[in-house]
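Chemist: need coordinates for the following:
(4 chains)
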Number of protein chains: 2
Amino acid sequence: MPAKRPNRYSERRGNDWMGKVKRRGRPIRPRPDNAPSLEDVARRAGTSIITVSRALRQPDKVRPETRARITEAVEALGYIPNLAASSLVSRRSGIIAVVVPTLGNSTFVDTLHGLSDGVTATGRQLLVGDTGYSETAEHALITALAGRRPDGIAIVGLVRNPRTRTLLSSLGVPVVETWDMTDDPIDHVVGFSNTEAGRAMTRYLLDKGRRRIIFVGAHEPRSRAREAGYRSALQDAGLSGGTTFFTEEPPSSFGEGRRLMHRIANLDPRPDAVFFSTDVLAVGGIIECQHLGIEVPREIAIAGLGDLEIGRSIVPTLTTVQIPSYQMGRRAAEILSQRLEGAELTQKIVDFGVNIIARDSA
Amino acid sequence: MPAKRPNRYSERRGNDWMGKVKRRGRPIRPRPDNAPSLEDVARRAGTSIITVSRALRQPDKVRPETRARITEAVEALGYIPNLAASSLVSRRSGIIAVVVPTLGNSTFVDTLHGLSDGVTATGRQLLVGDTGYSETAEHALITALAGRRPDGIAIVGLVRNPRTRTLLSSLGVPVVETWDMTDDPIDHVVGFSNTEAGRAMTRYLLDKGRRRIIFVGAHEPRSRAREAGYRSALQDAGLSGGTTFFTEEPPSSFGEGRRLMHRIANLDPRPDAVFFSTDVLAVGGIIECQHLGIEVPREIAIAGLGDLEIGRSIVPTLTTVQIPSYQMGRRAAEILSQRLEGAELTQKIVDFGVNIIARDSA
DNA sequence: TTCGTTTATGATAACGTTATCATAGCAGCA
DNA sequence: TGCTGCTATGATAACGTTATCATAAACGAA
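Modeler: Residues are numbered from 1 along each chain as shown, chains lettered A, B, ... in the order given. Next up is the predicted model:
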């Protein structure tokens, strides 16, 4: 039989020495937040605060009878641990911060989905913010999120701003960048080379005999990288220049794809292929071709990037570059989890590579 | 000139009485988390902790010179306030918890987007979780989120489980349910009647002279409500029954829309209209009709629900029910903000109503 | 001059939890 | 018998911040 001593459940409140001694500082007030605390549970279970804490976190360290009384009290009071207090003292917040350029782009959301699945599997929670593609907003957002002392940080995209990179390194928590590739990640990178993706698809189109290939992209880093790959592939093939059409603004839309395709169709000479930087734009392109009576791929080949579900359904089905959006999120979450369990991962760079999905449109 | 006294910046650590007195409890260790605290800033600025705290939160309460020294120290040290400590003592977490059925559905994500914009405008942060359409997961998720003591909670959908409803009420924070309508919200509801939406679109199709209308939906509460509206409109028109095709599982996909449309096209007699529960399914339906050479809307009218962007771009453009996804999120955030500023809103129910967008497909 | 008010700053306690050490009782063992 | 180790429990301090009250100096009004 182990020690069983009379206990008290922290009598910080309501001590009778109060009022005798002249007191300063915050007075004892009735708790405005009426959520039960460990103290309430302990009182009801007739045990000490610390034993309740243990019963909840390491049940096998507590005698079954004690545990039963505690469980009863927890249920009866509807006790929910205050994770702010827990974070403060344990220095583990159980929060993974996620930074997305925009919540208006469904492929980024797939990554968020993968992160959510991976993160909640380890009992942690997702704190999400979007930057609207602004570097200034990104820095501010990350600063704000850092105040929550997240256990890890996942970012869609590479962080370009040196100040922000320094900030992230200095936080002392694992960081995963995604959706792009670099030799020099802040900590980890799980992604693919957008440049390589642009190059691979352009090569594919060249291999199919296309020569007048137009690129459609946005003023946004990942699109720029794809464009660079496109131009390099043209150059390798001994073709000059290359022509880019730009969307008004990210994120891209089907309608924007249609509008740009409309303009492109009027070019003279007409191109024989259009490589859209995203599937959304490409589907818009296909729809516009259909509308204009342009036969795809006979007259114009159309390619996208992203492997969105609609690309498999539209007629003609869309030739595209596979981007494992969900998987990148999932993998990022796993890397963070492993790091948080103390693993020192040697592989800092996970390159999913690029994979052309050849379908009917090109 | 105000008081200027010698100060000390909380000498809790490193006191020299340590070691003389026999100590129990946690020993003083070097901070493993090397993030600077208010204490570090105060030391560098030559002032007290509390003055630093004030300088950051109520700058006008601190003399400009003092403030300048503090600002310098904050910059130099890269101080970022620990929000867990702040939450604990101030009982304001600055967190809005968001519960979504799935992150795999882009229309829910638009609501998340609206929430994000509205919430970050007030300097708060978004803690996100998805339930995978499971009531059990929903309860567990909300319990977990509640541990973070959020200042407010936004939920996509109505909470059906009575235990979960009780839990949410007991938290004592504002709650907004969205994406549906009820007379009896837990606290607030910002949405529209899915039943009314189903009824309105069905009436529209009936008005267009359609008589053999099929409904395509999912085994999921909002879809069920739309189906109920569909059936009630048929009944009002003196038509019997109604026929529903179900998707395998939510969330819906373009491919699933095509598959179901394929089956529906083979029915004998063939229907003259198909009302899809979501735009994604409906677009799949249009694509399949195109593929089968079925003329839309002459042979079969097709209608959707959600007013996704692609519906405006596809040919024929999609007749649908407008759902202000982004706006619902935005409005939900505003309601939460107002409540948190102390407003007692009399209007607990915000009904965006339903709005048929008549386009070419029906 | 006196006294109340304002301004700027500080001291202290408290928020609710966990890390660490302490200890009573018991079992096992030589 | 005495020692060691184990089990179950507890006491205390600490995490980093904010709420509250206190106070010195300056200011203003009577």
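Chemist: which stretches in chain A count as helices?
Modeler: A:38-45, A:49-57, A:64-77, A:83-90, A:106-120, A:135-146, A:162-170, A:194-207, A:221-236, A:254-265, A:279-292, A:309-313, A:325-340 (DSSP state H).
Chemist: pull the residues that contact the fourth one.
Modeler: Residues outside helix A:83-90 that contact it (Cβ atoms under 8 Å, 6 or more residues apart in numbering or on different chains): A:92-95, A:149, B:82, B:84-85, B:87-88, B:93, B:147-149. For every residue, glycine as well, the C-beta is placed using N, CA and C.
Chemist: just give me how far it sits from the chain centre.
Modeler: Computed by Cα atoms, centre = their mean, to the nearest Å, the chain-centroid distance of helix A:83-90 equals 24 Å.
Chemist: what's the answer for the first one, then?
Modeler: The gap between where helix A:38-45 is centred and where its chain is centred comes out at 39 Å by Cα atoms, centre = their mean.
Chemist: other SSEs contacting that helix?
Modeler: Packed against helix A:38-45 by the contact rule (3 or more Cβ pairs under 8 Å, 6 or more residues apart in numbering or on different chains; DSSP states H and E) you find helix A:49-57, helix A:64-77.
Chemist: please name the nearest non-neighbouring residue to the residue nearest the centre of chain A.
Modeler: Centroid check for chain A by Cα atoms, centre = their mean gives A:Leu112 as the closest residue, at 4.4 Å. Spatially, and ignoring its direct neighbours in sequence, A:Leu112 is nearest to B:Leu103 (5.5 Å; Cβ to Cβ, 6 or more residues apart in numbering or on different chains).
Chemist: for that neighbour, what are phi and psi?
Modeler: The phi and psi values for B:Leu103, taken as degrees, to the nearest 10, are phi -90, psi 0.
Chemist: can you count the residues close to the residue in the stretch 151-300 of chain A positioned nearest to chain B?
Modeler: Using Cβ to the nearest Cβ, the closest approach of the stretch 151-300 of chain A to chain B is made by A:Phe254 at 3.9 Å. Around A:Phe254 there are 26 other residues, counting by other Cβ atoms under 10 Å in any protein chain shown.
Chemist: mean neighbour count, the helices and strands packed on helix A:38-45: which tops it?
Modeler: With neighbours defined as mean count of other Cβ atoms under 10 Å in any protein chain shown, those peak in mean count at helix A:49-57, which reaches a mean of 19.
Chemist: between that one and helix A:83-90, how big is the angle?
Modeler: Between helix A:49-57 and helix A:83-90, the angle comes out at 100 degrees (axes from the mean of the first three to the mean of the last three Cα atoms, to 10 degrees).
Chemist: next one: helix A:49-57 to chain centre, how far?
Modeler: Helix A:49-57 has its C-alpha centroid displaced from the chain centroid by 34 Å (Cα atoms, centre = their mean).
Chemist: that one and DNA strand D in contact?
Modeler: Yes: residues of helix A:49-57 contacting DNA strand D under Cβ under 7 Å from any atom of the strand: A:Ile49, A:Ile50, A:Thr51, A:Arg54.
Chemist: in TSV, list those residues along with pLDDT and distance to A:Leu281.
Modeler: Listed next are these as TSV, based on pLDDT from 0 to 100; distance: Cβ to Cβ, whole Å:
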residue	pLDDT	distance to A:Leu281
A:Ile49	95	59
A:Ile50	95	59
A:Thr51	95	61
A:Arg54	95	56
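Chemist: in a markdown table: the residues you listed, plus distance to B:Arg63.
Modeler: Shown next, in a markdown table, are these (distance: Cβ to Cβ, whole Å):
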| residue | distance to B:Arg63 |
| --- | --- |
| A:Ile49 | 42 |
| A:Ile50 | 44 |
| A:Thr51 | 49 |
| A:Arg54 | 48 |
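Chemist: just to revisit the earlier point, from B:Gly104, how far off is the residue nearest to the centre of chain A?
Modeler: To B:Gly104, A:Leu112 is 10 Å away according to Cβ to Cβ, to the nearest Å.
Chemist: related to what we said a few turns ago, and DNA strand C, which of the residues of helix A:49-57 next to DNA strand D contact it?
Modeler: Restricting those to those touching DNA strand C (Cβ under 7 Å from any atom of the strand) yields A:Ile49, A:Ile50.
Chemist: returning to that earlier point: just the buried ones from the contacts of helix A:83-90, in ChimeraX syntax?
Modeler: A single ChimeraX command suffices to select whichever of the contacts of helix A:83-90 are buried according to 16 or more other Cβ atoms under 10 Å in any protein chain shown:
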select /A:93,94,95,149 /B:82,84,85,87,88,93,147,148,149
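Chemist: redo the contacts of helix A:83-90 as CSV? Include pLDDT and distance to B:Arg211.
Modeler: Conversion of the contacts of helix A:83-90 to CSV gives the following (pLDDT from 0 to 100; distance: Cβ to Cβ, whole Å):
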residue, pLDDT, distance to B:Arg211
A:Arg92, 94, 63
A:Ser93, 96, 59
A:Gly94, 97, 57
A:Ile95, 97, 55
A:Arg149, 97, 62
B:Asn82, 97, 66
B:Ala84, 97, 62
B:Ala85, 97, 66
B:Ser87, 96, 60
B:Leu88, 96, 64
B:Ser93, 96, 55
B:Gly147, 97, 54
B:Arg148, 97, 53
B:Arg149, 97, 55
